[in-house]
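> Here's my sequence, what's the structure:
(2 chains)
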Amino acid sequence: MPEFLREVPGRLFLVATLLPLFAFAVLLAAGTVRRFRSPLPGYFASFLLAVAASCSVIGLSWFLQDAESLRDQSKAMAARWGERVEWLHLGGWKADARPARSIDLGYRIDHLTALMVTMVTVVGTLIFLFSLGYMKDEQAEVEDHHAHVRRRGRFGRFYLYLSLFAFSMLNILIADNLFQIFVGWELVGVSSFFLIGFYTERRSASTAANKAFIVNRVGDAGLLVALAVAWFHVGSFNLDELFAKAAHLPADAILLLGLGIFCGCAGKSAQVPLHTWLPDAMEGPTPVSALIHAATMVAAGVYLVGRCWVLFTPDVLLVIAYLGAATMILSALVAVVQTDIKRVLAYSTCSQLGFMMLALGLGAWTAALLHLLTHAFFKALLFLGAGSVIHGLHHEQDLSKMGGLRRKMPVTAYTMFVGVLAIAGMPLLSGWYSKELILSHVIGSAAADGVARPLLTFLPFLTAGLTSYYMFRLWFLAFAGEPRDRHLFEHAHESPAVMTLPLLVLAAFSVGVAWGWPVWSVESSQLAKVLHHAQPPVLDVKYHAIHGKAEEHHLLTTALALGVAAFGFAVAIARHRAGTLLTPPRPAVLAQVLRKKFYFDELYAAAFTQPTVELAKLSAAADKRPDVRPFNLRSLDGVLNAIADSLVALGTVVRRLQTGQLRTYILALGLTLAAGLGILLRLSR
Amino acid sequence: MDPNAREVDMIWLTAQVFLPLAVAVLLLIVPGRFRELLRWLALFGCAATLALSLCLWVDYYHRVLEYRSDRSVSSMYHPDSRLDARVEHQQSLTAKPVPGPFLSIDLVTIRPWISQFDVNYALGVDGLNLLMVILTSLVTMLAVAASWKIDDRVKGYLVLILTLESGVIGAFLSLDLFLFYVFYEVMLLPMYFLIGMWGGGRRKYAALKFVIYTLAGSVCLLAAMIALYTVNVRDFVDQNVVLRQDEEMARRDPSLLILEAKGRIEVHSFDIVTLSKVGRAAMLVLTNQEHRLAVRGVGKDEPHQPAANGSVELFAPGVDREAALARLKASPVCNRTFQYVIFALLFVGFAVKVPIVPLHSWLPDAHVEAPTPVSMILAGVLLKLGGYGLIRIAFPLCPWAAAELAWWIGLIGAVGIVYGALVAMGQTDFKKLLAYSSVSHMGYVVLGLASWSSADNSQYWEMGVNGAVYQMLAHGITATALFFVVGVVYDRAHHRELNQLGGLTEPMPVYTGLSAILFFASMGLPGLCGFVGEFKVMMAAWAFSPPLAVTAILATILTASYLLWAWQRAFLGVNEKTKGYPDVSAREFVILLPLVLFAIALGLFPSVLILSWVEPSVAGWVENLAPLK
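Purely as a prediction, here's the structure:
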């Protein structure tokens, strides 16, 4: 091992973070010099990310060893696995005042970070590899059928954005302070903006990109408020310091801090009411959807809620739980009627994220983050599978035109089936462990407080059933039965190895990533055990009773979870047999509401977007009207001009007096003189 | 040998101010038909000015800051390297019976100019104005490079731009109100002609509007200046000055007793440092803290350490405290109305330049009509004079009124941010949109300055002022660059209608890439220059008033919206008309690239590159004012 790693092995993760940044910088510089037509940028960026992935795998195993051997020496651990540097010096002529003298950048590795970084780099590498095949067309001139133009390929640019994205995400994960997290937060937003709007010619794509960025900015504004509160009341952005001092903050400050952070997380993780951007974000290339919706961007919100868990008061946790539950059920319902293969997955992601948020709100910390990790693998698998389907069908995404594809693309079909099983909660697959843990916590907390919040108990199970239904529906529609579009089917083909290989690897992860011994025991999941080390200690104490209850009702949970999942599967297969998977649900109103996604877009357009644009136009008009008529008092500029105009008018009036005729002047002089004399006489009398 | 001859920094500073003017005179000699020669000469002159300002920076960094700084502390702040400490030292040297010997390394020069009216030729450098001078010379150089395509009356055009540069640099460097005013006016005329003669369709209207607004602002400044000149500052200047006047009076009128004469002496000054001391003293009197007023000790090594008992040493050494206090309290400067009026005059005077809503109306017109390079200078440099004036003159000279009105000023800033953003969103003209975005961005400067919380929280205020300064710099870079971006597309499309542009990504990839960085820098994306200032201002504003901070924070959503919407309309989509546009030429690339690189570098290393040497000056500034509240 090189010298600089031996003392501070945490730098492995730093290197893993900076490698994509390096790739970004190189590609950026290369972009101005010449335009790449070769696959070189892709190989370069993928290679660097693969190196980053190996760094983080080594780092993870090293960290686990270290954590074992230095169990009781937290100082030594902190020194070996964290560093910081001053980024912004703030001077200060007073030494004693509250805020820190500088804003620092730094990293700190714990079990959660190590696992997350490893997951992101590994999944990221697979997605980068997959994109080499998926985006191959971009190496030459491309015919964009949506926008009807021929354009240059953008292969290099795609990897440029992907690299920036990977860096930003890793930056969020390793950061030891809220400020750096905010920086990563914004950078993730901007790279997703570019990736979603990758097909710049398509209006829908650029609009979706704008929407994603602006909605995320709303969340970021909340995060900024949290930062301001932290800076004012604690005087530091450092997470450890914040955690240590959180208890001493005034009640409204801690409340605001928690709400602000959650607002940021809701934006990134697409929670109600900031969830509307996510389905639209499907305008981007499919590997992007995999990256954004599976491994990284949306995971960031859940990660941050987990990371900052101790900063949330019970009230905020309840808000988180309820909003999570709302997101979960609403998105699951919408997913049921979608016919676009990517949109089904997008809503499914929303729903699963809501599930995690709900779990975090209820205090199932380990379970929620375990679900985050397992979900990343199987959702990446599903998205890449969808990408493979789309690639094989020459950019057709409509499920109603597919069918029977398993004969044409078996690898895609069966790896995706693994993904479907995993997300549905099939026992022994990774999704089962995490889902089971969360659901048992739900049951546990319901039992502990006597079902005080029935919605939070009931909805997760309903969602589990729905999830199972719509995922099987997706698979049946795409791969089973008879092809609904002959022409499309004839031309379909299996994807090349560079695309199927990532699918296979992800399928393997989706099966076994959460295994432990014995395999059939949820409690023995190795991944969960590792995660448990990172859980804030206060949780164990606080939710001790719930854990007991959860153990007690363990079998009930399993039975219920399997029951609803099986029911979902049964409905799906029954409707598949009957050929009614595509028929909308019965009451037409319900179908309409679902198809309109509960009218969130319309509501926001009417409540925020339109009024803002109108207000903007109004203020623009009030500031200045294009026509310059005199005495137009309906605009600021007009009022100011009116002042000038009246001065000019006054000048004109006064000028008329200056006739230039001597007679008039003499007359005026004489009259004035007479009047003056008269006044004088009168006064002197 | 005349000791004055040795003051090398006077030559440096004078050269810095007048070099562009000298080049302008040189251009006048060259016949107008040698266009290419004229352009190269002007460019060379600007480059020389930039080089000179960088030399000045090296001088300042090494011989003023580093030389005195304490190496055990990470900040380079030291009481002796503060501008007012250096000015005081220089003043005491000037006041000696035999002036001098003047230091060549203090980067301050004070010489009598119009002695009847106590006007001095006073120039001085600190982090604040040096930053602005470097920005000015950089932006002017790039603007001259951007003027290559102007073929109409090239000579006059270049001469005017160089004259303008002299005026701006002079205004930034001058430490004397009168001198400042002169330079401030010197800028006005070239700008008038540049807009009025080389502008677009409604250039006359725009130029006249610009002049009237600016003149109205200057009239306010002039009035405030004269009012401040009437103040008796005898207890705040070096007592040698008083002594000399005393002797002179006695000589003129032998019947007067020396003591009697001494009571009658009045000393007046345009000196900013002296007047700011009066302002601070007035603030202490007005807030019933006159017990804190103290006489400065003679020959103390560290004159500016805030004393433990909270005393503020403002009276000059050798002054009788009680008599001085009595004189101060009797003088009109300790009148609330006087303070309010003066501050209002100064504030309005500079607000026109910033511009602050609702005095911003000239800006969109001037920008829309001005040719691209002039727009660059206008946005990059001239607006900064407003913010700089607030920092250097309005706040220190009337601290009491500033503190009293701080919340309202902050409100004006916040309103400006939101209003500018909203109006920008409603524009369809690319250049107008940018003009209003300037209004919005400069609102952060005002808000940062205004976030004057209590003395306990003065660290936050310092952060806000630092943020305001940084925001001015960042805006100088991004606005300059974005106006050039518009100019590039205008050269091809001959219009600026956002709705008729679009589809530029395909024909102009390099241009799009560079513009993207600038757009996001303007939006305040972390890692680019716009973020640092805005972030600091927001954090500082929270400590001052959470509602104002929340307004500023929410405005970031609006900023993102209007910029992204403009981005979508200007660059994305498909457009048959823009298909054949050539990508940026080598010249355009060379102009844009440094700005883009600055936008990135300033975002990544704010402390290393800028704040390490600017922040000591800000610290000194805040240290003067913060303890008064």
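
> per-domain residue ranges of chain A.
Split into domains by the TED database, chain A comes to A:313-583, A:641-684.

> among those, which is nearest chain B?
domain A:641-684 (7.2 Å; C-beta to the nearest C-beta). Where C-beta positions appear, they are placed from N, C-alpha and C, glycine not excepted.

> Within the helices and strands, which one has whichever residue of the stretch 301-450 of chain A sits closest to chain B?
Nearest residue of the stretch 301-450 of chain A to chain B: residue A:304, at 15.9 Å (C-beta to the nearest C-beta). Residue A:304 is part of helix A:297-307, with elements assigned from DSSP states H and E.

> Beyond that helix, next helix or strand please.
Next element after helix A:297-307 (DSSP H and E): helix A:314-337.

> next structured bit after that next one?
Taking DSSP H and E, what comes next after helix A:314-337 is helix A:341-362.

> Can you tell me which helices and strands that following helix packs against?
helix A:277-280, helix A:286-290, helix A:297-307, helix A:314-337, helix A:365-392, helix A:430-448, helix A:454-479 (3 or more C-beta pairs under 8 Å, 6 or more residues apart in numbering or on different chains; DSSP states H and E).

> what bits of the chain have low per-residue confidence?
Here I'm looking at chain A. Scanning chain A for pLDDT under 70 picks out the ranges A:1, A:33-37, A:91-98, A:294-295, A:625-632, A:685.

> actually chain B
Using pLDDT under 70, chain B drops low at B:1-6, B:71-74, B:258-259, B:261, B:298-309.

> tally of neighbours for the closest residue to chain A within it?
Residue of chain B nearest chain A, by C-beta to the nearest C-beta: residue B:426 (2.7 Å). Per other C-beta atoms under 10 Å in any protein chain shown, the neighbour tally for residue B:426 reads 22.

> Skipping adjacent residues, who's closest to it in space?
Leaving aside its sequence neighbours, residue B:426 sits nearest to residue A:620 (C-beta to C-beta, 6 or more residues apart in numbering or on different chains; 2.7 Å).

> so what are the domain limits for chain B?
Split by the TED database, chain B gives B:232-330, B:398-628.

> Angles on the backbone of residue B:31, please.
The phi and psi torsions at residue B:31 (degrees, to the nearest 10) take the values phi -60, psi 140.

> Count the neighbours of it for me.
With other C-beta under 10 Å as criterion, residue B:31 counts 9.

> near chain B, anything from stretch A:99-111?
Yes: contact of stretch A:99-111 with chain B (C-beta under 8 Å from any C-beta of the partner chain) involves A:99, A:101-102.

> Check chain B and tell me which residue is nearest its centre.
residue B:388 (2.5 Å; C-alpha atoms, centre = their mean).

> Find the closest residue to chain B in the stretch 501-650 of chain A.
The nearest approach of the stretch 501-650 of chain A to chain B comes at residue A:620, 2.7 Å away (C-beta to the nearest C-beta).

> quick revisit: the residue of the stretch 301-450 of chain A closest to chain B reaches residue A:265, doesn't it?
Yes: with contacts counted by C-beta atoms under 8 Å, residue A:304 reaches residue A:265, the gap being 5.1 Å.

> These two: which is more packed in?
Set residue A:304 next to residue A:265 and count neighbours by other C-beta under 10 Å: residue A:265 wins out with 29 against 24.

> Contacts only, for the residue in the stretch 201-350 of chain A that chain B sits nearest to.
Proximity of the stretch 201-350 of chain A to chain B (C-beta to the nearest C-beta) peaks at residue A:228, 3.7 Å away. Residue A:228 sits next to B:538-539, B:542, B:546, B:549, B:553 when contact means C-beta atoms under 8 Å, 6 or more residues apart in numbering or on different chains.

> Only the buried residues of the strand or helix carrying it, if you could.
Secondary structure from DSSP H and E places residue A:228 in helix A:203-233. Residues A:203, A:205-233 are the ones in helix A:203-233 that count as buried (16 or more other C-beta atoms under 10 Å in any protein chain shown).

> chain center to it, what's the gap?
10 Å (C-alpha atoms, centre = their mean, to the nearest Å).

> That helix vs helix A:297-307, what angle?
On the basis of axes from the mean of the first three to the mean of the last three C-alpha atoms, to 10 degrees, helix A:203-233 is oriented at 20 degrees to helix A:297-307.

> and after helix A:203-233, which helix or strand comes next?
Heading C-terminal from helix A:203-233 (DSSP H and E), you reach helix A:239-245.

> is the helix or strand just after that following helix anywhere near chain B?
Going down the chain from helix A:239-245, the next helix or strand is helix A:251-268, by DSSP H and E. No: shown here: helix A:251-268 not in contact with chain B (C-beta under 8 Å from any C-beta), separated by at least 8.9 Å.

> Who are the packing partners of helix A:251-268?
Going by 3+ C-beta pairs under 8 Å, 6+ apart, helix A:251-268 lies up against helix A:178-196, helix A:203-233, helix A:297-307, helix A:314-337.

> tell me which element the residue in chain B sticking out farthest from the centre falls in.
Residue farthest from the centre of chain B, counting by C-alpha atoms, centre = their mean, is residue B:255 at 49.4 Å. Residue B:255 belongs to no helix or strand when assigned by DSSP H and E.

> ok, so what distance separates it from residue B:249?
According to C-beta to C-beta, to the nearest Å, residue B:255 and residue B:249 sit 11 Å apart.

> What of residue A:76?
Distance, residue A:76 to residue B:249, by C-beta to C-beta: 77 Å.

> Between those two, tell me which one has more neighbours.
Between residue A:76 and residue B:249, counted using other C-beta under 10 Å, the more crowded position is residue B:249 (16 against 12).

> where's the helix or strand where that one lies relative to the chain centroid, distance-wise?
For residue B:249, the host element (DSSP H and E) is helix B:239-252. Taking the mean of its C-alpha atoms, helix B:239-252 sits 37 Å from the chain's own mean (C-alpha atoms, centre = their mean).

> Perfect, that will be all.
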